[in-house]
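Engineer: 3D, please:
(one chain, ligands or ions: 1)
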Amino acid sequence: MQLLKDRIRRDGVIKPGNVLKVDSFLNHQMDIGLLNEIGKEFKRRFADLNITKIVTVEASGIGIACIAAQYFDVPVIFAKKTQSVNIDGDVYSAQIESFTHKRNYDVIVSKKFLNAQDNVLLIDDFLANGCALLGLIEIVASSGANVAGIGIVVEKGFQSGGEVIREMGLRLESLAVVERMDAETGEIFFRGE
Ligand code: 5GP
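Structural biologist: Have a look, this model is predicted:
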């Protein structure tokens, strides 16, 4: 998606540890015009799927998922991060290791909101090592629902997540795939350019 790549080149900041900061337009301050275009693009790419729900993880996936959901006309469910173990058995849960914060946390989704009839689109802002997505996939699988597609805004192609997810046979669409980024020069290279 050219508009997105141009914006990443213009306003993205490369941080040590292979972290790309896009907090001036995507996941802290949010450019709603751009998010609208991202939502439309996800709809265009997944138009053939009969999506019934969009699932994401808090916090930075929520805004993107909500705007995309208006084009699919479906509810959004965000997996909640939690410290406490749920013993009632009324939630699906998975453990996720945070790439940016380097720690583990549990995410939960209430069993009320996902069931075996659902055809789910997973959405997130970044794909790095794939841990967040694997957690969401585990939650959807526990509910018996189908992961029909996965929409990612920025995939870091030099990390393993994209390969792992595609090897599982899942339909993954990333709107921008960063192949390499140079913290010293500030250069960003995208797949397919
Ligand atoms: P993964 O679980 O695929 O290793 O990492 C994905 C999660 O970590 C995303 O939900 C995102 O919030 C965060 N993340 C990973 N890499 C980056 C990055 O380069 N920049 C930002 N802003 N977030 C990242």
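Engineer: Spatially central residue for this protein, please.
Structural biologist: residue 124 (1.3 Å; CA atoms, centre = their mean).
Engineer: what's near enough to touch it?
Structural biologist: Residue 124 makes contacts with 56-57, 60-61, 64, 132-133, 136, 152-153, as judged by CB atoms under 8 Å, 6 or more residues apart in numbering. Using the backbone N, CA and C atoms, a C-beta is placed for each residue, glycine as well.
Engineer: repeat for residue 11
Structural biologist: Counting by CB under 8 Å, 6+ apart, the residues that residue 11 touches are 22, 24-25.
Engineer: Go through the contacts of residue 124 and flag which are in strands.
Structural biologist: Here DSSP state E is the test, and these give 56-57, 152-153 as lying in strands.
Engineer: Could you point out which residue ranges in this structure have low pLDDT?
Structural biologist: For the chain, the stretches flagged by pLDDT under 70 are 85-87.
Engineer: Which parts of it are strands?
Structural biologist: 13-15, 19-21, 53-57, 76-82, 91-97, 104-110, 119-127, 146-156, 172-181, 188-190.
Engineer: Let's have those in a markdown table, adding distance to residue 5.
Structural biologist: Rendered in a markdown table, the data for the strands of the chain read as follows (distance: least, CB to CB, whole Å):
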| stretch | distance to residue 5 |
| --- | --- |
| strand 13-15 | 15 |
| strand 19-21 | 12 |
| strand 53-57 | 22 |
| strand 76-82 | 25 |
| strand 91-97 | 27 |
| strand 104-110 | 30 |
| strand 119-127 | 15 |
| strand 146-156 | 10 |
| strand 172-181 | 5 |
| strand 188-190 | 5 |
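Engineer: Let's have those in JSON lines, adding distance to the ligand.
Structural biologist: Output for the strands of the chain, formatted as JSON lines (distance: least, CB to the nearest ligand atom, whole Å):
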{"stretch": "strand 13-15", "distance to the ligand": "8"}
{"stretch": "strand 19-21", "distance to the ligand": "4"}
{"stretch": "strand 53-57", "distance to the ligand": "6"}
{"stretch": "strand 76-82", "distance to the ligand": "11"}
{"stretch": "strand 91-97", "distance to the ligand": "7"}
{"stretch": "strand 104-110", "distance to the ligand": "11"}
{"stretch": "strand 119-127", "distance to the ligand": "4"}
{"stretch": "strand 146-156", "distance to the ligand": "6"}
{"stretch": "strand 172-181", "distance to the ligand": "8"}
{"stretch": "strand 188-190", "distance to the ligand": "11"}
